[in-house]
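Q: okay, predicted coordinates and the sequence, questions at the end:
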Amino acid sequence: MDDLPLSDPSYHYRVIERAIAMIDAPGGTQRSLPDLAAALGMSAAHFQRLFSQWAGVSPKRYQQYLTLEHARHLLDARVTTLQAAQDLGLSGQARLHDLFVRWEAMTPGDYARQGAGLEIGHGWFETPFGLALGMATARGLCGLAFAEPGAEDVVLAEMQARWPKARYVDNPSLAAPHVAAALAQSGKADVHLIGTPFQIKVWEALLHVPSGHVTSYSAIGARIGTPRAGRAIGSAVGRNPIGFLIPCHRCLRSAGGLGGYHWGLARKRAMLAWESARIDAAAERGAPVKGT
């Protein structure tokens, strides 16, 4: 199954984004394939082929993965304790799906300077999960944030406020290779983590959660040695600057709820659904399961 690389026509991303929005809308899980295809202005066969290439399953089956019940199923069947990757250190390589993430963290001293001396290039990219702001330093991707239509300036300002003394330049080409690698789930992305030492520990723990699986705040706390710091962990998860690649969408409440998501719960459901669909589809084919 081929992935949809960033270099594909942007219309592919808009089609998938619109399809997800329709399926996720009230009554969307009951819409038929011909109905969805007609609303998108294409034949049922073409829509099914395009959607299945992205999700690994048909639109009809994908509808099942967008329900709240699916989140509860993940907690019952696919919780990771984060203990399987104890051998991976803070400065090591973490494996996310088939993507190798080579990353380094800003030192506490550099972080205290609020980005002074850093040049951060940014640009906007279309993805199946909506419009995304990619940001990168010379060392790698430092931001991947999602925006609703018309909110681009708000999202850009919010991300720039995280490192207020950095120099920002409109330079999509700097972030493009890293964003492409993250979305295609292949290759290698260089990541430059900019956060407090505690935040970086939480984000590193998230990198150990396999695709198609979920974790909880308490499990993250156990992984980083602060099992009672639930509120601080939740805050660090919410401050994750690199959406999707550092998978804060895989963190759920212990009771089965989705919890929060900085870029919207609908987007969180879509990401979890995409990962589960591809994992299950690969397992049914007997193929090696990516992300485990």
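A: Cool, the structure landed.
Q: which strands and helices sit next to the longest helix seen in the chain?
A: Looking across the chain with DSSP state H, the single longest helix is helix 265-285. When contacts are defined as 3 or more C-beta pairs under 8 Å, 6 or more residues apart in numbering; DSSP states H and E, helix 265-285 packs onto helix 10-24, helix 44-55, helix 59-65, helix 68-77. Placement of C-beta: from N, CA and C, glycine included.
Q: what are the buried residues along that helix?
A: For helix 265-285, burial by neighbour count (16 or more other C-beta atoms under 10 Å) applies to 266-282.
Q: tell me which helix or strand in the protein has the weakest average pLDDT.
A: In the chain, no helix or strand scores lower on mean pLDDT, DSSP states H and E than strand 94-96, which sits at a mean of 36.
Q: can you add mean neighbour count and give the helices and strands packed on helix 265-285 back as CSV?
A: Putting these into CSV (neighbours: other C-beta atoms under 10 Å) gives the following:
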stretch, mean neighbour count
helix 10-24, 18
helix 44-55, 18
helix 59-65, 19
helix 68-77, 15
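Q: reformat these as CSV; add distance to His178 and mean pLDDT.
A: Below are those laid out as CSV (distance: least, C-beta to C-beta, whole Å; pLDDT from 0 to 100):
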stretch, distance to His178, mean pLDDT
helix 10-24, 17, 76
helix 44-55, 20, 88
helix 59-65, 27, 82
helix 68-77, 28, 64
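Q: low-confidence ranges, the protein, go.
A: For the chain, applying pLDDT under 70 flags the ranges 1-12, 67-104, 184-187, 254-257, 287-292.
Q: what segments of it are strands?
A: Taking DSSP state E, the strands of the chain run over residues 94-96, 99-105, 119-127, 130-137, 140-147, 167-170, 188-193, 215-216, 251-252.
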